[in-house]
Structures are given as structure tokens and as C-alpha cells.
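Novice: Just to be clear, the model below is a prediction. Sequence and coordinates:
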Amino acid sequence: MRCHRLPATPRNTPDARMKLVAFDGDHTLWEPLSGLNLSDRTPTDEEGWPHYEYTPLPDDPFVVRRSDGPLFRLRPEAREVFEELKRRGVLIGVLSYNHEGNVRRILRAFGLLDEVDYIVAEWHTNKDQMLAKMIALARNDGHPVGAGDIILIDDDPWDIYRGQCERMGAGFCRFGVQIHDLREVLHLPGMPTPLV
Ligand SMILES: [Mg+2]
């Protein structure tokens, strides 16, 4: 596993402790099962639809159905990873090229909304701007978080988010390429060690 971290700097020594992990949605936290991403009406939707609702399937708590039919499956290890990050004092963000209300509602349907500290979801591909907003939200809450203290976990389908993170000094790890299970996040460089 070779996930990007910055070279050692005063802000980012080998002793640095990650303060915030931001997770992407589609193809990272959850898998679209019907060929449509969270807000997309078609596979090539340019605008998306911001007002979908999501309902858990009665016979499978990891799968939710969107109000117009498509299904989405939460990665089964997501909850334990969120809970472990919380135990280690790491803030949890969900950062997505999406409509924020849809992200909020699917997290609620998965039963994970209360585990998430910050959601930034906007309909564009500038995730560096979204990360900057998430940092501002955390700092506004009194958390001394800078770009060197955060990492984005993302499947990065167009191979653009790694560069954005590098340019702003944030960590990046490509889900589905560098790691294949969210539990691997707990072992990334700079992550606080488990409490004993
Ligand atoms: Mg994605």
C-alpha cells in the first residue's frame, strides 16, 4: 500500500497525527448498484437532481433504494471504520461531487449521519475547494486543522483529485487502487494509533 503523504515538514513530521479523514461517496463509501450515481438521473447527467429520498431495504440494512428506484450499497465496513476513527479522535468528513441534500439523506438512510462531523458536497469537480471549505468548518468549531492534517479517500475516476490534494498540501489515497477496504484507512501513515 503506497498512499500519498507529504514529505516531512514542520507541519507534517513522522509524528504528525491525522485530524480529519474526508471520504468520497459514490464508489468509495457506497457502491451504486444500478449504474447511476447518487444524484444522477442518467449515466451522463450534467446537472443531477437534488431532491432524491433514500429508504433502506427491509431485508438488507446495507442497501438503500432511491425514490425513483436505483439501489446503493454501503460498504459493510464503513460503520466500524467511522467508529474507530471517532475513538482515535479523528474527525470524519464526507466530501462529494454531488448535491448535499442527497448526501445527507443517504447517510441518514444508512444510519451514519450522526457519525459524520462535516459534509461538503457541491456539483463540480474542484474537491480542493470543497476540502478548503471543510477545513474552514472544522476550524470554526475550534479544531486546529490545516491541509497537512487531512486526507481524502476517493476513487478519483478521472485521476484529478490526487493532483488537487497535492497542490494544497493535503493527503490523498485512491480507493479501489491503493486500498480496497475502508479498514485500510486506519493503517495509513500519520493516522493516530489505536487507544489501549
Ligand atoms: Mg467517487
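Specialist: Yes, it's here. Numbering: from 1, shown residues only.
Novice: which residues of this protein fall in helices?
Specialist: Applying DSSP state H to the chain gives helices spanning 78-87, 100-109, 127-140, 161-168.
Novice: How far does stretch 123-130 sit from its chain's centre?
Specialist: Distance, stretch centre to chain centre, for stretch 123-130: 13 Å (CA atoms, centre = their mean, to the nearest Å).
Novice: Check the gap between the residue minimising distance to the centre of the chain and G146 for me.
Specialist: Most central in the chain under CA atoms, centre = their mean is F23, positioned 1.0 Å from the mean C-alpha point. Note on F23: its distance to G146, by CB to CB, to the nearest Å, is 19 Å. For the C-beta atoms, the positions are set from N, CA and C on the backbone; glycine is no exception.
Novice: Equivalent analysis for D114, please.
Specialist: In terms of CB to CB, D114 sits 26 Å off from G146.
Novice: Ok, W49 next?
Specialist: For W49, the distance to G146 - CB to CB - is 35 Å.
Novice: Now do the contacts for the nearest residue to A109 once chain neighbours are set aside.
Specialist: Using CB to CB, 6 or more residues apart in numbering and skipping the chain neighbours, the partner closest in space to A109 is Y54 (3.9 Å). Counting by CB atoms under 8 Å, 6 or more residues apart in numbering, Y54 touches V64, R65, R66, S67, F72, N102, R105, I106, R108, A109.
Novice: Mind picking the one among those that's closest to L38?
Specialist: Using CB to CB, N102 is the member of those that lies nearest L38, at 5.2 Å.
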